[in-house]
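> From the sequence below, what's the structure:
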Amino acid sequence: MRSSASLGAVMTTVGLSPATLVASENPPCAPIPFPQTPGLTKYVVEFVRNTKFTDLPADVIDLGRKSILDGLGLALAGSRAQNGKIFREYMASLGLPNRGATVMGTKTKLPPRFAAFTNGLAIHVEDFDDTQLAVGKDRTYGLLVHPTAPVLPAALALTEVAATSAKNFLVAYHLGVEVECKIAEAISPRHYEDGFHSTGTCGVFGGTTACAKLRVFDELQIARAFGIAASQAAGLRENFGTMMKSFHAGHAAEVGVFATDLAALGWSGAEQILEADRGFFHAFGGSYDPSAIFHKLGQPWTIANPGVSIKPYPCGSLTHPGMTEMQRLIRSEKIKAADVEMVEVGTNHNMPNTLIHHRPKNNLQAKFSMEFCIAILLIEGKAGLGEFTDAVVNRPDVQQMIERVRFYTDPEAEKAGYDKMTTILKIHLKDGRVIAGRADFGKGSPANPMSYDEVAEKFHGCADFAQWPIARANKIVELVRHLEDLGDMRTLTALCGG
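Purely as a prediction, here's the structure:
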């Protein structure tokens, strides 16, 4: 390129502007050095190895019981989903014997790794499962991991291989949840913002932790299992609204079993996989905050502080504050769909980045559509499993109401911070009135938690959806209510399968 004319022609051809070229001549600021935290993986491994049931605080055990009951109900309901049926057909095509671990809600049994996958898939498929809260102000509330889906199925699958007390199961479950949540909290927000689905990527450490604890691994085996799991971490948010989103959770649970299967046989893996320059935090996030995990495991336990949300609606958690407030306004103001001209829903800019389906055409897209969630509450007054179906989503009245919902970024919500899900509602009625509301958190969050009995009510709704026998459902609720007293976890899993 010897002339400005030829330079301009080349710039036009490759899509560059003169401003871009000038900017490229100014070197960017030096990158922030990757944190050096020698011994981080070793610290996590030692915490997993040394923690006992007696180290679990009473409130942590109580919160765990609710998430476990919630997960079991969702596994039953999710067993009816199309992708679960497809996967069971695939398993049948392989000619595997009908033995191993329970596939919840069915008479099928599979080898533990595949049972873990199928049950993780089922728990997450309706987007009705519990959600980790963020601590950091730069981390979008509720966009870390769904903690139970990668851990519970993996742990339950191993309890069917050998007799396991509920106390041993509980410590494994809580360790899995704690490790995956702290890893998700520590990794750079870029990890999620640029497209990784943290339930699939960070979740592999949860499932692996729980399985390693149940197998009574020594420190070398745990470290190697983490190395094996990290190379299988996967999940892209572009797949939200498709069958692949729940695949991520199922895969994370399966990895927990598979990684520890291999580690038990002597398979090797990097023993410093979290903090290494070519390890998990660097490769998947570019950076991380060591202070969010190093010497922070169990101090406090994430399930207690900042907490985990249990969902009242089977859709993305970012819709829940707006849905909670909308349902309250519908009831208190006696709002009818026919009276509504338009609804404005304002949030911070990160929420539309996940709620990406503005004109959904199927139930999976509807779960990530603020417009559908608001519209269905106005029309039906509820939003349960029965409302999130392809047939309902495509009803003319629903599609017409979706057109009346405006979802946008609101400066006030943006200013509130990303550690909240601030949602501002303005309901414009045909008579000229405007009814306004605001919510930072939804029902089921630590700010507005569900009691055990409320979770049991949700569980019964899921069991009814799965057409599960009421007598069995009642027994499951009562067993989990006093779970630590159970001598053999197979008593519980037997109630969840054929």
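> Now do the helices in the stretch 301-450 of the chain.
Taking DSSP state H, counting those that start in this stretch to define them, one finds helices in the stretch 301-450 of the chain at 320-333, 363-366, 370-380, 390-393, 396-402, 411-415.
> Can I get the ones you listed in JSON lines including distance to residue 121?
Bear in mind the C-beta positions are built from the backbone N, C-alpha and C, glycine included. Shown next, in JSON lines, are the helices of the stretch 301-450 of the chain (distance: least, CB to CB, whole Å):
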{"stretch": "helix 320-333", "distance to residue 121": "22"}
{"stretch": "helix 363-366", "distance to residue 121": "13"}
{"stretch": "helix 370-380", "distance to residue 121": "23"}
{"stretch": "helix 390-393", "distance to residue 121": "19"}
{"stretch": "helix 396-402", "distance to residue 121": "27"}
{"stretch": "helix 411-415", "distance to residue 121": "33"}
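> Now render those helices as CSV, adding mean pLDDT, distance to residue 76 and mean neighbour count.
Formatted as CSV, the helices of the stretch 301-450 of the chain follow (pLDDT from 0 to 100; distance: least, CB to CB, whole Å; neighbours: other CB atoms under 10 Å):
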stretch, mean pLDDT, distance to residue 76, mean neighbour count
helix 320-333, 96, 22, 20
helix 363-366, 92, 18, 25
helix 370-380, 98, 23, 25
helix 390-393, 97, 21, 16
helix 396-402, 98, 27, 16
helix 411-415, 94, 36, 14
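> For residue 311, which of the ones you listed is the nearest?
Taking CB to CB, helix 320-333 is the member of the helices of the stretch 301-450 of the chain nearest to residue 311, at 6.7 Å.
> angle of that closest one against helix 370-380?
Note on geometry: by axes from the mean of the first three to the mean of the last three CA atoms, to 10 degrees, helix 320-333 and helix 370-380 are set 20 degrees apart in direction.
> contacting residues around helix 320-333?
Under the criterion CB atoms under 8 Å, 6 or more residues apart in numbering, residues 309, 311-313, 315, 335, 343, 345, 347, 370, 373-374, 377-378, 381, 383, 421-423, 425, 427, 435, 437-445, 448 lie in contact with helix 320-333.
> Regarding the closest residue in space to residue 247 that isn't next to it in sequence, what are the backbone dihedral angles?
When the adjacent residues along the chain are set aside, residue 247 lies closest to residue 121, with 6.4 Å between them (CB to CB, 6 or more residues apart in numbering). Dihedral pair for residue 121: phi -60, psi -50, per degrees, to the nearest 10.
> Run a quick neighbour tally on the closest residue to residue 102 other than its chain neighbours.
Nearest non-adjacent residue to residue 102, counting by CB to CB, 6+ apart: residue 497, 3.6 Å away. Neighbourhood size, residue 497 [other CB atoms under 10 Å]: 19.
> ok, now residue 80?
Neighbours of residue 80 under the rule other CB under 10 Å: 17.
> So it sits against residue 465, correct?
Yes. Using CB atoms under 8 Å, residue 80 is in contact with residue 465, at 7.1 Å.
> quick one: low-confidence parts of the stretch 51-200 of the chain?
For the stretch 51-200 of the chain, the stretches with pLDDT under 70 are 140-143.
> mind listing what's buried in stretch 288-299?
288, 289, 290, 292, 293, 294, 296, 297, 298 (16 or more other CB atoms under 10 Å).
> What pLDDT does the model give the fourth one?
pLDDT, the model's per-residue confidence, is 96 for residue 292.
> separation between it and residue 173?
22 Å (CB to CB, to the nearest Å).
> The residue nearest to residue 102 contacts residue 104, doesn't it?
Yes. Counting by CB under 8 Å, residue 497 touches residue 104, with 6.4 Å between them.
> and residue 239, how many neighbours does it have?
Neighbours of residue 239 under the rule other CB under 10 Å: 17.
> Do I have it right that it meets residue 245?
Yes. With contacts counted by CB under 8 Å, residue 239 reaches residue 245, the gap being 5.6 Å.
> quick revisit: okay, and the residue nearest to residue 102 sits in which element?
Using DSSP states H and E, residue 497 is not contained in any helix or strand.
> Check residue 262 too.
Since the elements are taken from DSSP H and E, residue 262 ends up inside helix 244-264.
> List the buried residues for that helix?
Buried-residue list, helix 244-264, by 16+ other CB under 10 Å: 244-263.
> same question, stretch 450-469
By 16+ other CB under 10 Å, the buried positions in stretch 450-469 come out as 450, 452, 455-456, 458-463, 465-466, 468.
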